[in-house]
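Trainee: quick one, what's the 3D model for this:
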Amino acid sequence: MKKFFRLFVGIFIFPLSLFNFLSCGSSSPVVIWTDRPEIVSYVEFFNVAQTKAKAVVVYKEKLASALPPAKDEQNPDIVIGSFLRNSRIKKNFSSLERVFGRSKINPSSIYAPLLEYGKVGGTQYLIPVSFNIPTMIFAQKNHDLIAENMLIDSDTIRDSAALFNQKSEHEVFVKMGYAPSWNANFLFHVAKMNGIEFTEKGNIFSWNTDSLNSTIAYIKNWSRNKNGGTAAEQDFSFKYLYAPAHKLVNSDRCLFAYIKSDDFFNIPGEQTENIAFHWLGKDGKIFVNDDMTSLGLYRKSRNSRAACDFVTWFFSEATQKNLIDRAMRMNLDTQTFGICSGFSSVKSVNERVFPSSYKILLGKMPEESSLVAPLPLPSRWESLKERVIIPYLSEATSTDNTRAIKSIDERIAAWRNQFN
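Mentor: Residues are numbered from 1 along each chain as shown. Next up, the predicted model:
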């Protein structure tokens, strides 16, 4: 459904916003390129909420790879999307210093670790818009089995899950608390928490080999010592784990399920009444998902003054409260959570606005100091992660592999041949 929604928006987003612009009689709209469908609703609201500037939206599914624009394309004024923090940041974007200051954006209103993500050499080129964090959910009735904490690490998950395990008289698992092989993104986050440090290098990426090897050994020991090996984990998954994550944890078959925060908070509230959650982290740190949404002013913008007006308008608490309230009234929250389908980068919005709209978040927002922003990543990171890293981690952590598997470098070479 979401894929169809994105396609629908990609086809109609620009004509709709252009119509709004033309009806206002302005001659120089702010052109916004984005990979976030939610921006069309925000721009519609912007165009009627004030008279200083108007905006139009161009949807780019692979936004980071679309910069710089083709020769026959109109340059954007603003770019909003994921994976914009790469080696081309200074070539693509201009300084944002002009949007900070009195009566504009107060830098202290933005989560500091995420704001640093958009800096190069002390100059701010990107402002974070929204972010998501890895989440472990469980049934409230099992709360006593899990330490009371806002964060939960992989050791606690492993040990609590093992106590939940139960076998039949035939020594076959009928309950399994959690298995690392059930979700490849969980494996990926464990690797990040263990210091693997995936980051851009050239047009590919580098990583910490020692951390990778220790993560593989850690996961194998978990599967082998707690769950009887990867084959037993997968057999259990095939038999019992065919429902959505929030239903699985209420089924008494498993203790935990991994889920992205936006996917969790997009579930209707009546279906999560008996669900509790902890943020997945380690040593007091939560690693923000790699697809964090950021905003930049395109270096060759022809309408930078009006673009700055939009940026200042967007990053106010009042504006974002209105956007969230509007989505709720119009039932737009069926497709998106919060701001751009994530937590806002504006601290006060999360602290004061979100709990009134998402009551399950009351008292559960992560501390500013706990957030760890992604490292710079190549523009085609999603493809590299899906086709190189995830398959490698899944195969390398399996206790059933008896043959050598392809290395990450070999997989990168194959990816280059097939997808470049």
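Trainee: remind me which residues of this protein are low pLDDT?
Mentor: Scanning the chain for pLDDT under 70 picks out 1-27, 102, 331-335, 420.
Trainee: list the buried residues of stretch 146-164.
Mentor: Residues 146, 150-154, 156-158, 160-162, 164 are the ones in stretch 146-164 that count as buried (16 or more other CB atoms under 10 Å). (Each C-beta comes from the backbone N, C-alpha and C, glycine too.)
Trainee: ok, now stretch 92-102?
Mentor: Those would be 92-94, 96, 99-100, for stretch 92-102 by 16+ other CB under 10 Å.
Trainee: likewise for stretch 379-396?
Mentor: 379-382, 384-385, 387-389, 391-394, 396.
Trainee: about what we covered before: filter the buried residues of stretch 92-102 down to the ones in helices?
Mentor: The helices, defined by DSSP state H, take in Asn92 from the buried residues of stretch 92-102.
Trainee: ok so Val129 is a helix residue?
Mentor: No. Assessed with DSSP: H, G, I helix; E, B strand; the rest coil, Val129 is strand; it does not lie in a helix.
Trainee: I'd say it and Cys340 touch.
Mentor: Yes. The pair Val129 / Cys340 is scored as a contact, 5.5 Å apart, by CB atoms under 8 Å.
Trainee: mind listing the shared neighbours of these two?
Mentor: 80, 293 (CB atoms under 8 Å, 6 or more residues apart in numbering).
Trainee: between the buried residues of stretch 146-164, which is nearest Glu44?
Mentor: For the buried residues of stretch 146-164, the residue nearest Glu44 by CB to CB is Met150; the value is 36.2 Å.
Trainee: for that closest one, give its distance to Ala245.
Mentor: 19 Å (CB to CB, to the nearest Å).
Trainee: please apply the same query to Leu375.
Mentor: Leu375 is 28 Å from Ala245, by CB to CB.
Trainee: who's more crowded, these two?
Mentor: Set Leu375 next to Ala245 and count neighbours by other CB atoms under 10 Å: Ala245 wins out with 22 against 15.
Trainee: what pairs with the residue nearest to the more buried one when sequence neighbours are not counted across the strands?
Mentor: Closest residue in space to Ala245, ignoring its immediate chain neighbours: Ala257 at 3.8 Å, by CB to CB, 6 or more residues apart in numbering. Here Ala257 sits in beta bridges with Ile137, as judged by DSSP bridges.
Trainee: neighbours around Ala257, how many?
Mentor: If you count neighbours by other CB under 10 Å, Ala257 ends up with 26.
Trainee: what kind of secondary structure is the residue located most distally from the centre of the chain in?
Mentor: Residue farthest from the centre of the chain, counting by CA atoms, centre = their mean, is Glu169 at 42.6 Å. Using three-state DSSP, the structure places Glu169 in coil.
Trainee: filter the buried residues of stretch 146-164 down to the ones in helices?
Mentor: Per DSSP H, the subset of the buried residues of stretch 146-164 in helices is 154, 156-158, 160-162, 164.
Trainee: farthest-apart pair in those, please.
Mentor: Ser154 and Phe164, at 15.5 Å, using CB to CB across those.
Trainee: wait, isn't Phe314 in contact with Ile39?
Mentor: No. Counting by CB under 8 Å, Phe314 stays clear of Ile39, with 9.6 Å between them.
Trainee: more neighbours: which of the two?
Mentor: Ile39 (28 against 24).
Trainee: quick revisit: just name the closest of the ones in helices among the buried residues of stretch 146-164 to Ser357, please.
Mentor: Among these, and counting by CB to CB, the member closest to Ser357 is Ile157, at 28.8 Å.
Trainee: for Ala276, see how far away that closest one is.
Mentor: Using CB to CB, Ile157 is found at 14 Å from Ala276.
Trainee: and if you look at Phe310?
Mentor: For Phe310, the distance to Ala276 (CB to CB) stands at 39 Å.
Trainee: these two - which one has more neighbours?
Mentor: Counting neighbours by other CB under 10 Å for Phe310 and for Ala276 shows that Phe310 has the greater number, 25 against 17.
Trainee: quick check: phi and psi at the residue farthest from the centre of the chain.
Mentor: Main-chain torsions, Glu169, degrees, to the nearest 10: phi -70, psi -10.
Trainee: from what I see, Gly35 and Lys62 are in contact.
Mentor: Gly isn't right for residue 35; it's Asp. Yes. Counting by CB under 8 Å, Asp35 touches Lys62, with 7.4 Å between them.
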